[in-house]
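Engineer: With the input below, show me the fold.
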Amino acid sequence: MLLVPGAAAGLRCSLHQRPVLSAVGRLLPVGNEPQGLGGSCLLDRRYKFYIPRRNWWPWKQKIAHQRQAISRRRKHIWPRYSDPDEQRAGDIRSDPGPSVRFKVHDMNLSLKRLWVYGRLLRKKQLQDAIDWMEALCRPSAKPVRDLVVGACWSCPCQPLSSRHRDHHQLYRARTRMVDHHGYDPARLYIARIWTERGPRVMSIHQQRAGYYFRKKKLQNMMQLVVREMPMNEYFHKVYIMKEVPRSVTLDMRMALRDGRAPRSYEREWAPYITAESRIWHRRGMQFEDQMRRFDYYQTRREWIDKYAGSFHRDEQEAREARGLPPLAPTELY
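Structural biologist: The predicted structure follows:
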């Protein structure tokens with residue numbers, strides 16, 4: 001692929017790009033230096049394109065959406081052969097997995113405000129959604145935060161009562177959901193979230209001695225569906241697409257900093273721990289895929305077996321302590 005100077009391409013950040021090596025180990029110049037040719041996928045750096053919002057006509061929107069779809073497709077790595085014993089990578093979303101619906105009544109917020117918060121939380125991991133609402137520090141975000149927190153505490157398809165709307169029950173509620181339903185906390189995602197218009201309740205308030213006024217209070221409703229992502233879809237999202245939840249990466253970095261994890265885990269957690277390590281790991285996978293040395297199904301089987309073994313490590317150790325045989329990998333997920 002021919003390298004084009006960053007100034008000619010209109011990319012300002014290309015001038016700060018580091019030199020790279022070609023497939024034959026020759027240093028390729030970047031910037032205003034002479035151009036070079038190479039056959040490696042590590043040569044160019046794909047930057048997100050920028051389209052100004054001025055004169056944002058429908059035909060411009062269509063072009064932008066097409067380019068965004070092409071950029072999203074480039075991030076995928078699909079298997080190069082079909083295996084009848086394995087689920088096709090294109091059908092990973094056909095099985096939505098187990099889901100639980102939660103609903104809150106009498107929310108004193110407008111529908112527009114609820115829609116804005118719902119747009120922020122949609123398709124996020126549950127712990128990331130809780131962290132987002134905790135970090136906002138806005139009084140209007142408290143009912144939505146209590147809904148996300150109380151979703152772990154309530155029973156399926158039951159409205160949340162006011163006694164469950166306490167932010168002090170955050171970690172206790174999340175533990176209750178994992179222990180009661182047996183869900184994997186890292187694979188809990190908010191699938192859908194929507195709002196419903198409720199009635200306005202009129203009440204009388206005393207302003208000062210002898211003066212009263214009527215106040216209309218909003219009682220809108222909000223529902224969300226939390227689902228446990230299947231293992232095949234979770235592998236493609238985390239390992240292939242590199243869309244790792246922020247709470248998971250933060251726990252990994254904190255464990256390495258505090259010494260709770262050995263230093264050998266830095267290489268094992270390299271595909272997830274930082275943005276730079278995720279980029280280089282994905283480029284390595286793309287290079288292996290171009291060289292026909294990346295087996296999608298075999299990598300997925302090994303990754304799922306290792307993940308299930310780590311998740312059920314306490315259960316396996318308890319069975320070994322009681323003298324029971326360990327569970328097979330297929331029985332863990």
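Engineer: going forward, measure contacts and count neighbours with C-alpha atoms only.
Structural biologist: Noted.
Engineer: Which elements pack onto the helix or strand encompassing residue 305?
Structural biologist: Using DSSP states H and E, residue 305 sits within helix 296-311. Using 3 or more C-alpha pairs under 8 Å, 6 or more residues apart in numbering; DSSP states H and E, the elements in contact with helix 296-311 are helix 231-235.
Engineer: buried sites along the following helix or strand past the helix it packs on?
Structural biologist: For helix 231-235, the following helix or strand on the C-terminal side (DSSP H and E) is helix 246-258. Buried residues in helix 246-258, counted by 16 or more other C-alpha atoms under 10 Å: 246, 248-249, 252-253.
Engineer: is it possible to export the residues you listed to CSV including pLDDT and distance to residue 182?
Structural biologist: CSV is the format used below for these (pLDDT from 0 to 100; distance: C-alpha to C-alpha, whole Å):
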residue, pLDDT, distance to residue 182
246, 93, 22
248, 92, 19
249, 94, 22
252, 93, 23
253, 93, 26
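Engineer: right, and out of the residues you listed, which lies closest to residue 222?
Structural biologist: Distance to residue 222 across the buried residues of helix 246-258 (C-alpha to C-alpha) is lowest for residue 246, with 25.1 Å.
Engineer: Let me know the closest of the buried residues of helix 246-258 to residue 283.
Structural biologist: Distances from residue 283 to those, taken as C-alpha to C-alpha, are shortest for residue 249 (19.5 Å).
Engineer: Below-threshold pLDDT in the stretch 151-300 of the chain: ranges please.
Structural biologist: Applying pLDDT under 70 to the stretch 151-300 of the chain flags the ranges 151-177, 179.
Engineer: Strands of that one, start to end?
Structural biologist: Taking DSSP state E, counting those that start in this stretch, the strands of the stretch 151-300 of the chain run over residues 188-196, 200-208, 211-218, 220-228.
Engineer: Pick the most deeply packed of these.
Structural biologist: Highest mean neighbour count among these (mean count of other C-alpha atoms under 10 Å): strand 220-228, with a mean of 21.
Engineer: got the angle for that strand vs strand 188-196?
Structural biologist: 160 degrees (axes from the mean of the first three to the mean of the last three C-alpha atoms, to 10 degrees).
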